[in-house]
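In: Please work out how this folds:
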Amino acid sequence: MLGTDQLMSRALRWAVDEHDLTVDALKTIPGPLKSQLVDLSIVVADDMKYNQLKYFRPFEHQRQFFRTGSADRRGILAANRVGKTVSTCYETAMHLTGLYPDWWEGHRFTSPITAMVAGEGWSQVALVLQNELLGTQDVKITENLGTGAIPRDCIVFDTMRNDGANNIGCEIRHTSGSNSYLLFANYTQEVRQLQGFKLNLAVFDEQPPDDFFSEIVTRTATTQGKVLCSFTPLKGLNGLVSKFWNKEQGYEYIRVSWDDVPEYSPWGEPFLLASTRRQLEKDYLPHEREARIAGKPVMGKGAVFQLGNWPTYKTGEYDFTRMMNIHRVIALDLGLVNDKTVISLMYYDPYERTAFLHRQIVVQGIEEAVPTQYINHLLRPEVFGCPIVLPADASTAGRYTMSANSIRELFESYELNVVDKPIMNPPDSQGRVTNHKAYGINQMRQMLEVGNLMVNENCTHFLNEAQNYFVDEKGRFSDPDDCIDSARYALLACLQGIAEPWDNRTPADRMRAQRDRYVTKDYSNKPAWKQPYDPA
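Out: Below is the predicted model:
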């Protein structure tokens with residue numbers, strides 16, 4: 001809700017702009033015209049109080065967000081205090097009412113809709129979303145209803161379902177003559193309470209839990225509905241943020257930093273002054289600054305792989321058939337029901353200590369339940385004979401095979417080159433051999449940081465998992481991590497000398513090739529017929 005002084009200031013600004021007056025002209029206009037201007041400003045201020053939507057003036061970055069309306073899933077990943085929630089709430093108000101301004105270039109609903117807006121908790125929903133849309137944090141204060149983005153005349157008061165200070169839902173008058181329906185929700189609600197209804201529009205303020213998001217977007221499936229998201233990505237590259245950041249199909253977003261926002265609003269009012277920005281920069285924790293100032297996903301204290309630029313390469317950029325000393329290995333992380341089975345092919349240069357995660361095959365569903373089907377991937381001529389490392393439980397009879405045999409025995413029956421022992425960490429200082437995840441993850445992290453572990457950009461599942469990989473205060477790693485574990489096993493095999501040369505050359509052949517590479521021979525005393533051919 002705007003105060004009286006701010007309403008009058010904006011009303012005067014609107015009247016001046018509407019009649020093409022300038023600041024200098026205001027100083028010299030005659031008394032009667034000045035009186036008319038004051039009278040008009042009072043009328044506009046009265047109208048503006050309960051009709052904010054009519055007078056909405058967006059920033060340029062908000063217009064840019066509105067123009068992404070053709071996408072089904074739209075996000076605004078933004079710094080703090082740049083008006084991201086205002087963007088989604090005013091768009092929601094337009095869709096609910098059908099009152100689109102002349103400058104509108106985004107999506108239009110042609111009939112009444114059902115919309116749900118959701119936030120992190122009921123208090124947050126009331127403080128931010130309810131206040132922005134309806135104009136009040138407490139619906140019991142009825143005089144403030146309608147001072148938000150939804151005009152007062154559009155709110156059907158006798159349909160409001162309230163729980164104390166919070167509104168649960170209400171009908172909104174649409175220009176078609178029928179009513180839209182507005183629902184409020186929060187992320188702490190049980191997902192089962194959100195089933196069985198249809199939505200045309202779902203709006204998320206700050207990042208929702210994955211199960212909450214999945215359930216709500218399911219409500220938009222049969223209506224071909226739209227999803228709007230606004231958040232400062234303080235939880236890192238996980239869940240919904242990663243879908244936008246990695247530009248998954250159907251997801252479109254804009255990123256807004258402080259550099260994209262002027263110090264003054266379109267009304268000429270102080271908005272985010274340079275002095276305020278400098279102070280906030282000092283107030284923010286170091287690991288939060290990029291998210292709060294630039295809208296970039298924070299790596300956070302729990303992020304495992306804190307990389308700004310991932311060491312990736314394109315298929316064809318390296319020709320492993322011509323590279324010296326290249327070894328290779330295949331590793332599997334085996335899954336059941338909810339977990340994936342992931343097959344990783346890794347190349348390794350033991351002299352440069354550089355590994356290349358070249359390909360991952362992610363097996364799910366029916367194929368995973370029948371191992372004989374995905375064994376076909378291991379029988380292909382280009383990889384057959386490559387050493388294969390398996391985790392410890394691959395030797396358990398019946399596990400993963402639905403038969404009396406273990407997966408290891410099944411692989412061996414196909415004459416695959418399975419390493420005879422399960423892949424484990426190397427012995428520690430006391431000679432103990434463990435399979436603790438932290439060792440391999442730490443090796444992977446260090447090699448990624450210095451560029452000694454390169455990842456083919458086609459390994460998208462691995463990259464998504466790694467960018468979302470966190471460890472909590474108790475040292476527990478996040479899920480999913482099937483692709484990470486498969487790559488970890490392959491890397492451990494490389495570091496422990498299990499990977500084998502793929503070209504069948506003998507040590508003498510490799511020595512000769514390395515000698516020719518580094519040692520220059522003198523043929524000047526040889527007869528011409530013994531000297532190497534020089535095409536030049």
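In: Please count neighbours and contacts with C-alpha atoms only from this point.
Out: Noted.
In: Provide the contact partners of stretch 110-123 at residue level.
Out: By C-alpha atoms under 8 Å, 6 or more residues apart in numbering, the list of residues contacting stretch 110-123 from outside reads 92, 95-98, 125, 129, 166, 174, 176, 178-188, 198-206, 208.
In: Tell me the span between the first and last residue of that stretch.
Out: Separation of the first and last residues of stretch 110-123 by C-alpha to C-alpha, to the nearest Å is 33 Å.
In: how much space between Q279 and I293?
Out: With distances defined as C-alpha to C-alpha, the gap from Q279 to I293 amounts to 12 Å.
In: Between the two, tell me which one has more neighbours.
Out: For the pair Q279 and I293, the greater number of neighbours falls to I293 (22 against 10), based on other C-alpha atoms under 10 Å.
In: pLDDT at the more buried one, what is it?
Out: pLDDT for I293: 94.
In: That one sits in which helix or strand?
Out: I293 is located in helix 289-294, with elements delineated by DSSP states H and E.
In: residue contacts, the closest residue to E132 other than its chain neighbours?
Out: Ranked by C-alpha to C-alpha, 6 or more residues apart in numbering and with sequence neighbours excluded, the top spatial neighbour of E132 is G148, at 5.2 Å. Shown in contact with G148 (C-alpha under 8 Å, 6+ apart): M1, Y50, N51, Q52, L53, N131, E132, L133, L134, G135, T136.
In: Give me the distance between the fourth one and C386.
Out: Per C-alpha to C-alpha, Q52 is found 68 Å from C386.
In: ok so, going back, show me the contacts of stretch 110-123 that map onto strands.
Out: When the contacts of stretch 110-123 are checked against strands using DSSP state E, the ones located there are 166, 179-186, 201-205.
In: quick revisit: grab the two from the contacts of G148 that are most spread out in space.
Out: Spatially, the most separated pair among the contacts of G148 is L53 and T136, at 15.4 Å (C-alpha to C-alpha).
In: which one of those two has more residues nearby?
Out: Taking neighbours as other C-alpha under 10 Å, L53 and T136 compare with T136 leading, 25 against 22.
In: Now that one: phi and psi?
Out: Main-chain torsions, T136, degrees, to the nearest 10: phi -150, psi 150.
In: got it, and R353?
Out: Phi and psi for R353, reported as degrees, to the nearest 10, are phi 50, psi 50.
In: Identify the spatial nearest neighbour of it, chain neighbours not counted.
Out: Ranked by C-alpha to C-alpha, 6+ apart and with sequence neighbours excluded, the top spatial neighbour of R353 is N452, at 6.8 Å.
In: I'd say that neighbour and Y351 touch.
Out: No - with contact taken as C-alpha atoms under 8 Å, N452 and Y351 are classed as non-touching, separated by 11.6 Å.
In: re the thing from before, dump the contacts of G148 to a markdown table, plus distance to A274 and pLDDT.
Out: Formatted as a markdown table, the entries for the contacts of G148 read as follows, by distance: C-alpha to C-alpha, whole Å; pLDDT from 0 to 100:
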| residue | distance to A274 | pLDDT |
| --- | --- | --- |
| M1 | 26 | 75 |
| Y50 | 32 | 96 |
| N51 | 31 | 96 |
| Q52 | 28 | 96 |
| L53 | 29 | 97 |
| N131 | 27 | 96 |
| E132 | 25 | 96 |
| L133 | 29 | 97 |
| L134 | 31 | 97 |
| G135 | 29 | 96 |
| T136 | 30 | 95 |
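In: what's the closest of the residues you listed to R152?
Out: For these, the minimum distance to R152 (C-alpha to C-alpha) is 5.4 Å, reached by Y50.
In: And the helices in the stretch 351-500 of the chain, which stretches?
Out: Chain-ordered helices for the stretch 351-500 of the chain, with DSSP state H, counting those that start in this stretch as the definition, fall at 366-369, 371-374, 407-413, 437-450, 460-467, 482-495.
In: Point out the other helices and strands that the third one packs with.
Out: Translated: helix 407-413. Helix 407-413 makes packing contacts with no helix or strand when contacts are defined by 3 or more C-alpha pairs under 8 Å, 6 or more residues apart in numbering; DSSP states H and E.
In: follow-up on the earlier one: point out the one among the helices of the stretch 351-500 of the chain that comes closest to V44.
Out: Nearest of these to V44, taken as C-alpha to C-alpha: helix 460-467 at 50.7 Å.
In: show me where pLDDT drops low in the stretch 201-350 of the chain?
Out: Counting by pLDDT under 70, the stretch 201-350 of the chain contains low-confidence residues at 237-238, 298-302, 337-338.
In: Who are the packing partners of the top helix by length along the chain?
Out: Taking residue count as the measure and DSSP state H as the definition, the longest helix of the chain comes out as helix 31-49. Under the contact criterion of 3+ C-alpha pairs under 8 Å, 6+ apart, helix 31-49 touches helix 4-18.
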